[in-house]
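[1] got a predicted model here, sequence first, then my questions.
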Amino acid sequence: FMQVRPSLKIMGAMHAGIDDLVAKAQAMVERKQVPFLGFHLDPESGEVLFMADSESKKKVRESRALVEIEAILKSTFKESKKLTFYNQKFEAARSCIRDIHTCHAQPPFKFAWEKDDNCCLVEKTFPQVSYDQLPQEILQDIFQYLGFSDLKNIRCVSRHWKTVADDPSLWKDFDLPEKCRKQEDTFLQFLQGSFSSKLQNLELDDFKFQLNDIHFELLLNLELATLVIDKVDLSNVSSDSLAKLVNKCKDCTIIENGSKSFKLDSIKLAAIFVEMKSGTNLKALTLVNSSSGHFDLSMIPTTILAKALNMVEFLALERVQLSTHQLKEIFDYSKHGVPKLKNLFFDKLDFGSVEMEILHPVLGSLRNLLFDETSLTETQALDLFEFLDNSCSLKSLKLSQTDVTKVSASLLARVINKIEMVTLAHFEKEVFAIDTHQLEEIFKTMAKPESATKNLRLGHVENLDNVNSEVLAKALNHLESFEFDDYFLVRITESQTTELFNMMSVETNLKMLGTPSQHRIPVDNNMPIGLFQYIHSV
């Protein structure tokens with residue numbers, strides 16, 4: 001009997017029968033996960049029986065250990081000529097000569113996971129697996145954990161690995177190297193090299209040198225998915241080059257930050273929209289002014305702007321200055337054919353003098369509509385909900401700083417429960433004006449099986465503490481996700497909290513309950529103690 005590690009001890013193993021030895025060894029391997037390698041001399045047959053766990057057996061088979069051990073054993077015993085050594089590989093190969101495999105010698109020691117059959121023992125040896133034999137999707141799944149410098153290196157391993165490593169999905173987060181923003185020669189060298197083709201997303205910002213048409217000609221050779229223009233001096237870039245690059249992308253964001261050096265003049269902006277109306281790859285366009293000013297489009301001819309913006313599926317306008325006439329023409333243009341616009345985001349826009357009828361041509365076909373920090377009057381809110389009650393394809397709706405007190409409770413509840421994701425109120429200080437009856441009607445409808453609402457976000461909503469506890473609990477447990485801010489925690493009552501978690505403990509659809517990821521709630525004495533008690537017990 002041999003031991004691989006001194007810590008392995010099977011007391012009385014030599015004196016006990018082979019069955020007892022096998023049982024103890026098997027328990028050691030399977031229950032304690034201890035590596036085991038052993039030999040047993042059968043006095044009657046004169047054979048040495050080999051026992052091992054699967055990993056040890058693999059290592060022994062791959063080496064000359066069995067041959068060397070056989071020589072040691074034969075030189076140890078006086079009657080060495082009578083001693084025969086059991087050789088699994090040899091016995092299996094010799095047995096395979098016959099047509100019927102019943103003669104195959106079975107291993108004297110098997111673990112629970114080894115099949116009890118009469119197949120050839122050679123077939124049980126571990127196959128030699130090459131990474132090149134792995135399916136492409138498995139290698140791709142492994143490669144996604146590598147950094148871009150490692151991806152670059154493994155492309156040199158083999159043709160198969162290069163094919164996998166070149167998959168665009170592995171390079172989707174590849175960014176322009178920082179040194180390219182500091183040195184023009186390095187930037188040009190990168191654009192002329194093969195690895196520039198891996199660049200899918202480009203941010204034109206914080207360059208230490210001025211960009212020009214030579215740079216843009218090289219950028220036009222790339223297949224960019226997204227382009228962000230922010231804090232970059234494009235005064236030496238022609239309007240034509242800029243317009244072509246913007247319209248070759250699928251998604252473009254143009255940000256103005258108030259600096260004259262980084263601001264696009266009206267000629268360059270007009271060139272972008274002229275190119276866009278003639279034909280574009282753009283699916284999404286975002287225009288942002290990140291300062292206290294406005295992104296001024298009032299100087300762009302209305303007909304050009306209307307046709308251009310109706311070429312995209314996603315339009316986000318933040319602090320953008322448009323005249324009422326421009327807005328009307330933009331949305332009226334969709335009457336000329338099937339509207340392409342599916343996602344419309346208004347952020348920090350002055351909508352006070354705008355009639356909601358302007359949006360009617362596109363409202364019925366929109367999938368996502370967002371009014372973020374954009375106030376809607378009582379009349380505008382009523383018009384919006386009346387239209388959506390008759391024609392609504394929305395999957396998500398966000399309203400902030402909106403007064404819905406003129407909208408009937410039944411109308412408000414019907415529309416909101418047609419929409420999968422609803423956000424009421426901004427997650428800051430603005431209060432969403434809504435009465436108790438309206439809230440209760442929304443939550444009653446939400447608890448019904450026919451409600452389409454799955455995700456609800458509540459900001460600073462008034463009168464929440466007056467809602468019936470059972471009504472609120474049923475509605476929230478019917479949702480898949482419910483997000484709230486600290487205002488909700490201050491307003492929710494002890495009985496509402498108790499009912500919410502009592503129902504949740506029995507049955508719920510909720511997969512997520514909490515605050516927005518970027519929002520932190522201060523813990524104070526105004527929060528109901530029941531909330532913490534129930535969370536602790538969940």
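    Done, it's in.

[2] tell me how many other residues crowd residue 514.
    By other Cβ atoms under 10 Å, 11 other residues sit near residue 514. Bear in mind the C-beta positions are built from the backbone N, C-alpha and C, glycine included.

[3] element containing the closest residue to it other than its chain neighbours?
    Of all residues not flanking residue 514 in the chain, residue 483 sits nearest, at 6.5 Å (Cβ to Cβ, 6 or more residues apart in numbering). Element membership for residue 483, per DSSP states H and E: strand 481-484.

[4] scan the protein for its longest helix.
    helix 18-32 (DSSP state H).

[5] which strands and helices lie in contact with whichever helix or strand comes after that one?
    As assigned by DSSP H and E, the chain's next helix or strand after helix 18-32 is strand 37-41. Contacts defined by 3 or more Cβ pairs under 8 Å, 6 or more residues apart in numbering; DSSP states H and E place strand 37-41 against helix 18-32, strand 47-52.

[6] what does stretch 466-482 rub up against?
    436, 439-440, 442-444, 446-448, 451, 453-458, 464, 493, 495-496, 498-500, 502-504, 507-513 (Cβ atoms under 8 Å, 6 or more residues apart in numbering).

[7] taking those one by one, which sit in helices?
    Per DSSP H, the contacts of stretch 466-482 map to helices at 436, 439-440, 442-444, 446, 495-496, 498-500, 502-504.

[8] of those, buried ones?
    Buried residues within these, defined by neighbour count using 16 or more other Cβ atoms under 10 Å: 439-440, 442-444, 446, 495-496, 498-500, 503-504.

[9] all helices of the stretch 351-500 of the chain, in order?
    Secondary structure of the stretch 351-500 of the chain (DSSP state H, counting those that start in this stretch): helices located at 360-363, 378-390, 409-416, 436-446, 469-478, 486-491, 494-506.

[10] can you name every helix or strand that the shortest one contacts?
    If contacts are counted by 3+ Cβ pairs under 8 Å, 6+ apart, helix 360-363 sits against helix 324-332, helix 378-390.

[11] same thing with the fourth one?
    In terms of contact count using 3+ Cβ pairs under 8 Å, 6+ apart, helix 436-446 is assigned the packing partners helix 409-416, helix 469-478.

[12] extract the C-alpha trace of the last one and format it as CSV.
    Right, the one you point to is helix 469-478. These are the backbone C-alpha positions of helix 469-478, laid out as CSV (Å, rounded to 0.1, in the frame of the first residue of the first chain):
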residue,chain,number,x,y,z
SER,A,469,-53.0,50.7,2.9
GLU,A,470,-54.5,47.7,1.3
VAL,A,471,-55.0,49.4,-2.1
LEU,A,472,-51.3,50.7,-2.1
ALA,A,473,-49.9,47.3,-1.0
LYS,A,474,-51.9,45.3,-3.7
ALA,A,475,-50.8,47.8,-6.5
LEU,A,476,-47.1,47.8,-5.5
ASN,A,477,-46.9,44.0,-5.2
HIS,A,478,-48.4,43.7,-8.7
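
[13] quick one: that helix to helix 494-506, angle?
    Angle of helix 469-478 versus helix 494-506, following axes from the mean of the first three to the mean of the last three Cα atoms, to 10 degrees, is 40 degrees.

[14] pLDDT on helix 469-478, on average?
    The average pLDDT within helix 469-478 is 93.

[15] angle of that helix against helix 436-446?
    Using the same axes, to 10 degrees, helix 469-478 lies at 50 degrees relative to helix 436-446.

[16] what does the first one give?
    Per the same axes, to 10 degrees, the angle that helix 409-416 makes with helix 436-446 is 40 degrees.

[17] which helices and strands sit right next to helix 409-416?
    helix 378-390, helix 436-446.

[18] low-confidence stretches in the stretch 301-450 of the chain?
    Residue ranges of the stretch 301-450 of the chain with pLDDT under 70: 337-338, 426-433.

[19] what's around the closest residue to residue 320 other than its chain neighbours, how many residues?
    Nearest in space to residue 320, with sequence neighbours left out and distances taken as Cβ to Cβ, 6+ apart, is residue 295 at 4.5 Å. Per other Cβ under 10 Å, the neighbour tally for residue 295 reads 21.

[20] coming back round to it: out of the buried ones among the ones in helices among the contacts of stretch 466-482, who's nearest residue 369?
    Checking these against residue 369 by Cβ to Cβ gives residue 442 as the nearest, at 17.8 Å.

[21] so what's the closest one closest to, chain neighbours aside?
    residue 413 (4.7 Å).

[22] enumerate every residue touching that neighbour.
    Counting by Cβ under 8 Å, 6+ apart, residue 413 has contacts 438, 441-442, 444-446.

[23] could you do residue 19 as well?
    Counted by Cβ under 8 Å, 6+ apart, residue 19 has zero contacts.

[24] how near is it to residue 32?
    Going from residue 19 to residue 32 by Cβ to Cβ, to the nearest Å gives 20 Å.

[25] follow-up on the earlier one: what's the farthest-apart pair in the buried ones among the ones in helices among the contacts of stretch 466-482?
    442 and 498 (21.5 Å).

[26] quick check: end-to-end length of stretch 425-438?
    15 Å (Cα to Cα, to the nearest Å).

[27] residue 231 and residue 259 touch, don't they?
    Yes: counting by Cβ atoms under 8 Å, residue 259 is a contact partner of residue 231 at 7.5 Å.

[28] the two: which is more packed in?
    With neighbours defined as other Cβ under 10 Å, residue 231 and residue 259 compare such that residue 231 has more, 17 against 10.

[29] so what's that one up against?
    Contacts of residue 231 by Cβ under 8 Å, 6+ apart are 205-206, 255, 257, 259, 262.

[30] if you set the cut-off to 10 Å instead, what comes out?
    The contact partners of residue 231, by Cβ atoms under 10 Å, 6 or more residues apart in numbering, come to 203-207, 255-257, 259, 261-262, 290.

[31] so residue 259 touches residue 233, yeah?
    Yes: counting by Cβ atoms under 10 Å, residue 259 does reach residue 233; the two are 9.4 Å apart.

[32] just say which of the helices and strands packed on helix 409-416 is most tucked in.
    Ranked by mean neighbour count under mean count of other Cβ atoms under 10 Å, the helices and strands packed on helix 409-416 are led by helix 436-446, which reaches a mean of 21.

[33] neighbours of the closest residue to residue 513 other than its chain neighbours, how many?
    Residue nearest to residue 513 in three dimensions, not counting chain neighbours: residue 482, with 5.5 Å by Cβ to Cβ, 6+ apart. The number of residues packed near residue 482 is 20, by other Cβ under 10 Å.

[34] now residue 482: how far from residue 462?
    For residue 482 relative to residue 462 (Cβ to Cβ), the value is 18 Å.

[35] among the helices and strands packed on helix 436-446, which is nearest residue 163?
    helix 469-478 (47.9 Å).

[36] distance check, residue 449 against residue 439.
    Relative to residue 439, and taking Cβ to Cβ, residue 449 is found at 20 Å.
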